[in-house]
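*Asks:* here is the input, now give the coordinates:
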Amino acid sequence: MTMRASCIVLAGGRSRRMGTDKKSVELGGKTFLERVVESARGVCGEVIVSVASETQRREVEGMALGGAAAVVDEEGPIGPLGGLLTALKRCTGEYALVLTCDSPALRSGVLRQMLEEIGDHDALIPRDGDRIHPLQALYRTDPFLAACEEAMGRGIRDVKGAVARMADVRYISVEEFRAQDRELLTFFNVNTPGDLERLKALLGAG
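*Replies:* Down below sits the predicted model:
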């Protein structure tokens, strides 16, 4: 199963609300990015880290990422869709698991369940009520690349706009993952110092 999936970790954000580069923030003795890549490596045969600059690429290459490839966004500063496009062109897996570096409590079991649940669909996207998680989702690589390219060609810069151009998307409630992640911390995004303190408290309580 691992060889049929690549993983893209988006790590090129500016981290304005955090006040420091999120990918380098430490939790439990490892950086956020190291933790995310470690979880992805339990499921995917290839991990690609998407960054926004050569400076970020050098920073990533200095981390303990087990040979994950770092690629610089070729589309310019337009947000995650540009980084996705660059990384998708490098993917060798049939599927592309898309993650961000600000979810350091990811559970490999959740990611593995996504691969088991996607079936013949072109995308499997977790949903929490009305909120969807397109940046913690699994896509069939070729249809998603085509959708991202079409969105970019139409001047659309958000990932949801690309997803809207896919014909066969399955949405799955986050509640379906509780057997693998009781507190659903896989979907806990750390955007501020307060978020980090809340996550530490939850991990400590667990």
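
*Asks:* excluding its backbone neighbours, what's nearest the residue most central in space within the chain?
*Replies:* With distances taken as C-alpha atoms, centre = their mean, the residue of the chain nearest its centroid is residue 99 (0.6 Å). Of all residues not flanking residue 99 in the chain, residue 9 sits nearest, at 5.1 Å (C-beta to C-beta, 6 or more residues apart in numbering). All C-beta spots, glycine's among them, are computed from the backbone N, C-alpha and C.

*Asks:* try residue 12
*Replies:* Closest to residue 12 by C-beta to C-beta, 6+ apart is residue 52, at 3.4 Å.

*Asks:* check which helices and strands the lowest-mean-pLDDT helix or strand in the chain sits against.
*Replies:* The helix or strand of the chain with the poorest confidence is helix 54-61; it has a mean of 87 (mean pLDDT, DSSP states H and E). Packed against helix 54-61, as judged by 3 or more C-beta pairs under 8 Å, 6 or more residues apart in numbering; DSSP states H and E, are the following elements: strand 46-51, strand 69-72.

*Asks:* local confidence estimate at the residue nearest to the centre of the chain?
*Replies:* With respect to pLDDT, residue 99 scores 97.

*Asks:* next: the one 5 residues further on.
*Replies:* pLDDT recorded at residue 104 is 95.

*Asks:* distance of the closest residue to residue 189 other than its chain neighbours from residue 141?
*Replies:* With C-beta to C-beta, 6+ apart as the criterion, residue 189 has its nearest non-adjacent residue at 5.1 Å, and that residue is residue 102. Distance, residue 102 to residue 141, using C-beta to C-beta, to the nearest Å: 23 Å.

*Asks:* that older thread, tell me the angle of the least confident helix or strand of the chain relative to strand 46-51?
*Replies:* 140 degrees (axes from the mean of the first three to the mean of the last three C-alpha atoms, to 10 degrees).

*Asks:* work out the gap between helix 54-61 and the centre of the chain.
*Replies:* 18 Å (C-alpha atoms, centre = their mean, to the nearest Å).

*Asks:* also stretch 197-206?
*Replies:* 22 Å.

*Asks:* which parts of that stretch count as buried, going by neighbours?
*Replies:* Buried residues in stretch 197-206, counted by 16 or more other C-beta atoms under 10 Å: residue 199.

*Asks:* that one - what's its average pLDDT?
*Replies:* For stretch 197-206, mean pLDDT is 85.

*Asks:* got the contact list for it?
*Replies:* 27-28, 104-105, 182-183, 185, 188, 190 (C-beta atoms under 8 Å, 6 or more residues apart in numbering).
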